[in-house]
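[1] Just to be clear, the model below is a prediction. Sequence and coordinates:
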Amino acid sequence: MSKYIFKRVLLMIPTLIGAGVLVFFLMRLIPGDVCELRFAGTGLYVDQAQIDTCRSNLGIDRPMFVQFADFMIGFFTFNFGDSMWTGKPILFEIGLRFELSLQVAIMATFVAVIIAIPLGAISAIKQDTWLDYAVRTFAIAGIAIPSFWLGIMIILGLLIVTQQVTGIPWMPPIDYKPIWVDPAHNIAQLIWPAVATGYRYSAVATRMTRSALLEVLREDYIRTARAKGLIEKIVINRHALKNAMLPVVTIIGIEFAFLMGGLVVTEQVFNLNGIGKLFIESVQNHDYAMTEALVMLVVLIFVVTNFIIDLCYAWLDPRIRYS
Amino acid sequence: MLNKIGKLALASVVGLGLTAGAGAAKAETPKSGGILNFVVGSKIPSYDGHQETTFGMIHPIRPFYSLLIRVNPNNPSDPTDFECDLCEGDVPTATENGTKFTFKIRKGVTFHDGTPLTSADIKATMDKIVFPGEGVPSARKAFFRSVDTITTPDAHTIVFKLKFPTAAFIPALATPFNFVYSKKDLDAHGMSWHKANVNGTGPFKFVQHQPGAFVEGIKNQNYHFKGKPYLDGFKAIAAPKMAVRLSAIRGDRAAIEFRGFPPKARDDLVKSLGDEITVQESDWNCVLLATPNQKRKPFDNAKVRNALTLGIDRWGGSKYLSKIAIVKTVGGVMFPNHPLAATKDELMKLKGYNTDIEASRAEAKKLLADAGHSNLKVDFSNRGVDQPYKVVGTWLVDQWRKVGIETAQRVQPSGPFYDSLRKKADFDVSIDFNCQSVINPIADMTKFLGSAGNNYGRFEDPELEAIYSKIEKEGDATKLRQLVRQYETRSLSDETSGMVTLWWYKINPHRSYVKGWKIAPSHYLAQHLDHIWLDK
């Protein structure tokens, strides 16, 4: 097992380097730069000398290979430097947002799992009944409806319903407070994005649970278990569901990693100061340093998540471990 | 339905009435206390006002600082009404043939760290803005090209000596970005310290900034305007999406947004909240332009450029676009409400400003035919921002279609758009804009000069430069007005080196319990918040 883990860790290194090279050069293909935007983007007077000073101060007027060398050294020493837009240390900026994004991802995953696994299992067990059709409709709707649209509808719904009922329109808080500082404020703000994203997430996982379980239920060993006289509950829970979980775990892992950096629009809809919002802002501002660091962070999250998924495979399916 | 319409109309009237009826507002006695929550639609690049240009910095950071002089917050619509902030008495008038301004500095003012303010602090601040050293960014250095020397005869006097008399100096001094810093901070920590640190003499003291989330300020008990500020503090919440800012006001998570909303958003808020919303509206010191690139053929031909401007129905556009976009007023090179601005009769003498649009369009078609470009195709570059760029851009495409011009609109995000506008110059005509803070007409109109750093028409017009040179030094109001008309006619009509589409229109719906704030013609102005109070 330890050899297996060691091999998987080694594989992460070329993946991270490849991503680093790619993001560095892709960012520089986008026309314009951070100084241009800062001085010319507001329609005020523009002094070319000031733009040149800004470029010189940020080091973006240096030859490309020098900048690339700086980036790679920073990457290997885990020192990404300062944001080109705010001048604050990048790790500080990311750290501020990481907590919120992690909490939303965990809450959304929790919402998704508690919905997806029971519904997917019921849908498979009661295949082609009205219950199955209802679950499938619910799941297809979840996939079809974008989370940000659902988020907008949730906010509008809350405003309209509370105004109708109490006379005073209410919307979730728009400023973040950590859960240990103000739990009520924190939950009132984050439960809605967790539901909006968790619904789509659960829809994918529900369909995956259903199809995986249906496949497993047709396996010979399930027939054998039933022939041995095991009660249906044990057949499903012990023999079928555990084996059907392999693809579901993959989906849950990938979705979790996506939520950590990919909630770009949903974070804007709910005004969440998370990694996704920082991502879009740094791209809009041409903040190369921040964007590169964020891409590396997301790549790292995906790589680590995949690594954990692989370990889960080994736990769920002994054949992987023994091979 | 009738009830809803009635409510909407009533609320609008009440709101607008409050704005217009300044007397009524003055009669109310301000109450102290409370925290003002407001939303800001842009980001803070750094805290250094001297190098930044965005309202994303001004709205949350301006309340921590004072200026030497400022726009009168009780009368911000008047482009000539300035008052002393850190100086004493009235704003001084120039002596020595308009070349010398002497300011007496307020005594007893302290920075938030307890350091007393002297004229040395003002000088250190102004030196950083006017004469920045190498590697020190100063976004408004060009505002002060008339300044020769800055001296401090004593600890409470500062003297500005100008190279030539100019009406542009006082408005430039009142620019809200000219935060007064402590000389001690500049000497001890260097010219970059204020990018990440705050120490001012403003009405509020810095509490915290969570990047991307909010800025908090608390009342400065030692503020130099006694009895102010009225608020105990403020929280500026970052909310880049307009829908969030709108919902935040509706759900009372924020009381106000200082930049402005489009008409539909105003109507939605008024419809849902009735008299709990007050609406203030004003002309905005921002103008949306269309700039022909004279380095590309056939846009080096004045007839073609004339045809482009003749094809635009500004009066009709004002009527319809003002219902859906943040533009409204038909104007020339100067802010529409300024005494130097063209009257409607004067505007109508310019090409493209005639109310008889059919006659203008016929003339445009004739000019295109004369120039041999009856089937003109235009590559039109636009910025990927809805309000007002994409709305007005799409309208322009349709306007030019009516004179037979086929326009291909290229909409790009801000970064690539500016790269196209400033560096690549790969467009025939581009959207452009001029958005200033204090109304400083002499400075603002430089935008139309081919030599200006922010003009992207790529042309040289010595005659226009010569007119401007006279304007800059003209002291007589009547002659100045005539010169401005010459400049306007040359730039917009004869040469059409630039095209003014419409001036922006600022709409600020806010919670009615926010009192004391009066709309200014710029979203950069009157943001120190010391005059705002909450009637809760």
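    That came through fine. Numbering: from 1, shown residues only, chains lettered A, B, ... in the order given.
[2] switch to C-alpha atoms for all contacts and neighbour counts from now on
    Fine.
[3] And residue B:188, how close does it get to chain A?
    Using Cα to the nearest Cα, to the nearest Å, we find residue B:188 at a distance of 20 Å from chain A.
[4] May I have the phi/psi pair for that residue?
    Phi and psi for residue B:188, reported as degrees, to the nearest 10, are phi -80, psi -40.
[5] Any idea how many residues pack against residue 227?
    Let's take chain A. 9 (other Cα atoms under 10 Å in any protein chain shown).
[6] that's the wrong chain, I meant chain B
    Residue B:227 has 11 neighbours, counted by other Cα under 10 Å.
[7] Pretty sure it sits in a helix.
    No. Assessed with DSSP: H, G, I helix; E, B strand; the rest coil, residue B:227 is coil; it does not lie in a helix.
[8] which SSE is the residue nearest to the spatial centre of chain A in?
    The centroid of chain A falls nearest to residue A:259 when counting by Cα atoms, centre = their mean (1.5 Å). Using DSSP states H and E, residue A:259 maps to helix A:242-262.
[9] what's the model's confidence in the next helix or strand after that helix, averaged?
    Where DSSP H and E defines the elements, the next helix or strand beyond helix A:242-262 is helix A:264-269. Averaged over helix A:264-269, pLDDT sits at 86.
[10] hang on, the earlier thing: and the helix holding residue A:259, what does it pack onto?
    Packing partners of helix A:242-262 (3 or more Cα pairs under 8 Å, 6 or more residues apart in numbering or on different chains; DSSP states H and E): helix A:90-125, helix A:183-217, helix A:275-284, helix A:288-316.
[11] quick one: that helix to helix A:183-217, angle?
    Relative orientation of helix A:242-262 versus helix A:183-217 (axes from the mean of the first three to the mean of the last three Cα atoms, to 10 degrees): 140 degrees.
[12] To which secondary structure element is residue B:218 assigned?
    Per DSSP H and E: strand B:214-219 holds residue B:218.
[13] OK, contacts around residue B:504?
    B:283, B:284, B:285, B:286, B:287, B:288, B:326, B:327, B:328, B:329 (Cα atoms under 8 Å, 6 or more residues apart in numbering or on different chains).
[14] Are we agreed that the second one is in a strand?
    Yes. Going by three-state DSSP, the assignment for residue B:284 places it inside a strand.
[15] Can you tell me how far it is from residue B:76?
    Separation of residue B:284 from residue B:76 (Cα to Cα, to the nearest Å): 12 Å.
[16] give me every residue that touches residue B:338.
    Residue B:338 sits next to residue B:79 when contact means Cα under 8 Å, 6+ apart.
[17] any idea which helix or strand carries it?
    Using DSSP H and E, residue B:338 is not contained in any helix or strand.
[18] Now do stretch B:326-336: distance to the chain's middle.
    Centroid displacement of stretch B:326-336 relative to its chain, using Cα atoms, centre = their mean, to the nearest Å, is 12 Å.
[19] Straight-line length of it, end to end?
    Terminal residues of stretch B:326-336 are spaced 15 Å apart (Cα to Cα).
[20] Just the closest residue of the stretch 251-400 of chain B to chain A, please.
    Nearest residue of the stretch 251-400 of chain B to chain A (Cα to the nearest Cα) works out as residue B:251 at 4.8 Å.
[21] Does that residue touch residue A:173 like I think?
    No. Between residue B:251 and residue A:173 there is no contact under Cα atoms under 8 Å: 9.2 Å.
[22] which residues in the stretch 1-150 of chain A form helices?
    Remark: helices assigned in the stretch 1-150 of chain A by DSSP state H, counting those that start in this stretch are A:2-27, A:34-40, A:48-58, A:64-76, A:90-125, A:130-144, A:147-166.
[23] which stretch in these has the least confidence?
    helix A:34-40 (a mean of 78).
[24] how about that one, does it reach chain B?
    Yes. Helix A:34-40 lies within reach of chain B by Cα under 8 Å from any Cα of the partner chain, at A:36, A:37, A:38, A:39, A:40.
[25] Who are the packing partners of that helix?
    helix A:48-58, helix B:414-418.
[26] roughly how far is that helix from the heart of the chain?
    For helix A:34-40, the distance to the chain centre is 31 Å (Cα atoms, centre = their mean).
[27] Stretch B:34-49 now?
    Averaging C-alpha positions (Cα atoms, centre = their mean) puts stretch B:34-49 17 Å from its chain's average.
[28] interface residues of the stretch 351-500 of chain B facing chain A?
    Residues of the stretch 351-500 of chain B lying close to chain A (Cα under 8 Å from any Cα) are B:413-416, B:418-419, B:432-436, B:453-454.
[29] how about the residues you listed in CSV, adding pLDDT?
    Output for these, formatted as CSV (pLDDT from 0 to 100):
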residue, pLDDT
B:413, 86
B:414, 83
B:415, 80
B:416, 86
B:418, 85
B:419, 85
B:432, 92
B:433, 89
B:434, 89
B:435, 87
B:436, 86
B:453, 76
B:454, 80
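[30] follow-up on the earlier one: in TSV, list the helices and strands packed on helix A:242-262 along with mean neighbour count.
    Compiled in TSV, the helices and strands packed on helix A:242-262 are given as follows (neighbours: other Cα atoms under 10 Å in any protein chain shown):
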stretch	mean neighbour count
helix A:90-125	20
helix A:183-217	23
helix A:275-284	21
helix A:288-316	19
